[in-house]
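S.K.: what's the 3D shape of this:
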Amino acid sequence: MSCNIARMDAIKVASGMAKVLENMKITKTLTAACDNNPLNKNNPGYTKDVDDFADRYEGSNRVKPKKLRRKKVNKTEPYDTKSNIRKYTPTDYSLKLPEIGTLQKPEQKLSKVSKETSVPSSRSSRIWHFGGLVAGLGAGAVSEAMKRTIGSTSNSSLFLTKGNATRLANSLSRMRGAALKVGQMLSIQDEALLPAEFADILERVRQNADSMPLKQVNKVLRQELGDDWNKLFKEFDEKPIAAASIGQVHKAINHENREVAVKIQYPGVAESIDSDLNNLASFLKMAGILPPGMYLDKTISVAKTELKNECNYIKEASYHNRMRNLLLDDDAFFIPEVISEMSATRVLTTEYIYGIPVNEIENFDQDTRNWVSACILRLTLKELFQFRFMQTDPNWGNFFWNPETRKINLIDFGACREFDIDFVETYLDVVASAARGEKQKVIDYSIKLGFLTGQESDIMNEAHVKAVMVLGEPFSVSGIYDFSKQDITNRIHSLIPTMLKHRLTPPPEETYSLHRKLAGAFLLCSRLKAKIPCSDMFWPFYYNLKMNKPVKV
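M.R.: Sure, this is the predicted structure:
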């Protein structure tokens with residue numbers, strides 16, 4: 001009897017495995033606002049013309065603001081009556097610029113566990129590999145169930161075993177494309193949400209996919225750059241230095257003796273996006289293991305759009321150049337140049353950069369960790385509230401710290417998207433309301449944004465407000481926010497089941513990628529145990545947008 005029950009549990013758990021596949025510069029000073037916590041209605045604040053603040057804030061000399069005369073604000077009326085916008089006085093808040101360091105430049109190469117395997121490029125071959133993954137994970141769950149009937153006391157999921165994690169990593173690393181992309185997205189999640197053995201294996205998925213053999217590399221390069229593609233380069237390293245979900249990277253030298261990085265897309269990946277995700281969706285629906293609140297069709301639709309954009313390297317080059325121009329005057333970042341004559345739809349060549357992935361500076365001094373974290377969070381806010389154009393992939397491998405230049409090198413702009421001004425302004429109101437503790441306004445603006453319909457139950461409204469308030473917490477704390485003591489991810493995670501059960505509408509399309517980037521920024525700050533003035537970074541963007549609303553385009 002117990003054996004039969006175990007088998008039934010194993011089958012049920014195995015069927016769920018596919019769930020896993022699913023203008024402010026920083027130079028030497030981070031200038032900010034919010035003296036004496038003006039977010040609190042009961043606190044007196046300062047008043048000063050916002051335009052005067054903007055002029056001084058954007059000044060290239062970064063002079064310390066003049067000492068401002070304190071003016072009491074009527075505690076019962078914390079708004080400017082004409083604009084209905086809270087005023088504040090900027091203060092000068094400094095983070096120490098890290099000392100200049102030495103960047104070791106070891107030869108970059110693939111992980112030792114990465115293998116050279118041909119990419120399954122036809123629809124039928126990818127279906128076959130996907131079916132094999134399903135069968136293997138199911139068998140692993142059944143095996144685990146049998147073990148538990150004869151003495152194991154583990155209470156963890158039958159699916160989340162080390163054996164199944166290894167099967168998943170191996171299969172995804174070989175299939176690449178849409179399937180691997182989902183696995184990499186999962187690997188970025190907070191370690192507290194994943195069993196240790198599972199997180200360790202998925203780290204391999206994030207670090208490296210299998211590389212494609214030279215035969216496939218040559219075929220793609222001939223198709224994209226011509227039969228004489230090799231004449232474009234003085235040297236071309238046949239061994240890749242990195243392999244990801246959509247393509248792999250080779251180091252080369254052009255005829256100007258300039259080191260370049262050549263990203264080459266795997267064959268068949270772009271054409272297989274629809275079939276890969278359709279197969280995943282069909283299996284999940286058949287298994288019936290996801291609650292209605294997941295809105296799987298919408299999720300799959302958004303994923304298809306994002307992945308198709310990422311597979312168009314011409315479009316990525318335009319995104320790359322656009323972001324490079326936007327950040328040219330920002331001392332905190334560097335974006336390499338695109339080499340257009342060596343690029344095409346499935347080949348993208350840029351100047352080569354060196355650096356340390358930002359998740360690997362955990363043991364650096366506190367000043368460096370604070371600086372890098374503040375820069376990444378500020379960039380995220382700047383992309384959304386100033387540029388309205390964001391690189392939405394928070395993969396740690398896209399951000400490299402260079403201690404010699406004290407800049408963060410940014411790469412990989414395939415996952416960029418624009419945001420409409422109406423969405424941005426309303427989203428800004430949601431976050432600001434959360435930071436101020438204004439729960440009813442969180443609900444009102446969430447309805448306007450499309451998160452809620454206005455017909456939700458009290459249970460859903462309460463869970464939604466709690467989640468949004470948690471997201472707004474770093475921006476509500478005057479002064480330093482200590483990420484080493486926060487549990488933002490766990491608190492939001494605990495509310496997800498309630499929201500999935502009681503949700504009446506899928507989230508706005510824009511938030512799928514936006515929240516992935518925001519979560520990545522917060523997770524990095526937490527991982528680096530950063531202590532930074534989040535509120536001081538957020539509110540200047542808020543007032544700048546409110547006082548200088550851009551023209552609708």
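
S.K.: for Thr426, which non-adjacent residue is closest in space?
M.R.: Distances taken as C-beta to C-beta, 6 or more residues apart in numbering place Leu449 nearest to Thr426, at 4.8 Å, with adjacent residues excluded. C-beta here means a position set from N, CA and C on the backbone, and glycine is covered the same way.

S.K.: typed the wrong thing, it's Ile353
M.R.: Using C-beta to C-beta, 6+ apart and skipping residues adjacent in sequence, the residue nearest Ile353 is Asn409, 4.5 Å away.

S.K.: given the helix or strand that contains that neighbour, what are its sheet partners and their directions?
M.R.: Assigning secondary structure by DSSP states H and E places Asn409 in strand 407-410. When sheet partners are counted by DSSP bridges, strand 407-410 sits next to strand 333-334 (parallel), strand 399-402 (antiparallel).

S.K.: show the pLDDT at the residue nearest to Thr426.
M.R.: On pLDDT, Leu449 comes in at 96.

S.K.: ok so, going back, which ones are touching the residue nearest to Ile353?
M.R.: By C-beta atoms under 8 Å, 6 or more residues apart in numbering, the residues touching Asn409 are 333-336, 353-355, 399-402.

S.K.: with distance to Glu238 added, can I get these in JSON lines?
M.R.: Shown next, in JSON lines, are those (distance: C-beta to C-beta, whole Å):
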{"residue": "Phe333", "distance to Glu238": "32"}
{"residue": "Phe334", "distance to Glu238": "28"}
{"residue": "Ile335", "distance to Glu238": "27"}
{"residue": "Pro336", "distance to Glu238": "22"}
{"residue": "Ile353", "distance to Glu238": "21"}
{"residue": "Tyr354", "distance to Glu238": "21"}
{"residue": "Gly355", "distance to Glu238": "24"}
{"residue": "Phe399", "distance to Glu238": "28"}
{"residue": "Phe400", "distance to Glu238": "24"}
{"residue": "Trp401", "distance to Glu238": "29"}
{"residue": "Asn402", "distance to Glu238": "27"}
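
S.K.: leaving out sequence neighbours, find the closest residue to Arg369.
M.R.: Counting by C-beta to C-beta, 6+ apart, the residue nearest Arg369 is Leu528, at 4.1 Å.

S.K.: any idea how far Ile246 is from Val347?
M.R.: According to C-beta to C-beta, to the nearest Å, Val347 stands 12 Å off from Ile246.

S.K.: okay, and the common contacts of those two?
M.R.: Shared contacts of Val347 and Ile246, counting by C-beta under 8 Å, 6+ apart, come down to Gln265.

S.K.: neighbour count for these two, which is higher?
M.R.: Neighbour tally, Val347 and Ile246, criterion other C-beta atoms under 10 Å: the higher count belongs to Ile246, 26 against 20.

S.K.: what segments of the stretch 201-350 of the chain are helices?
M.R.: 214-225, 273-287, 296-310, 313-326 (DSSP state H, counting those that start in this stretch).

S.K.: show me the contacts for Met469.
M.R.: Counting by C-beta under 8 Å, 6+ apart, Met469 touches 434, 437, 439, 442.

S.K.: again, only this time at 7 Å
M.R.: For Met469, the contacting residues are Ala434, taking C-beta atoms under 7 Å, 6 or more residues apart in numbering as the criterion.

S.K.: how close does it sit to Leu221?
M.R.: Where Leu221 is concerned, Met469 sits at a distance of 52 Å (C-beta to C-beta).

S.K.: likewise for Ile376?
M.R.: Distance from Ile376 to Leu221, counting by C-beta to C-beta: 34 Å.
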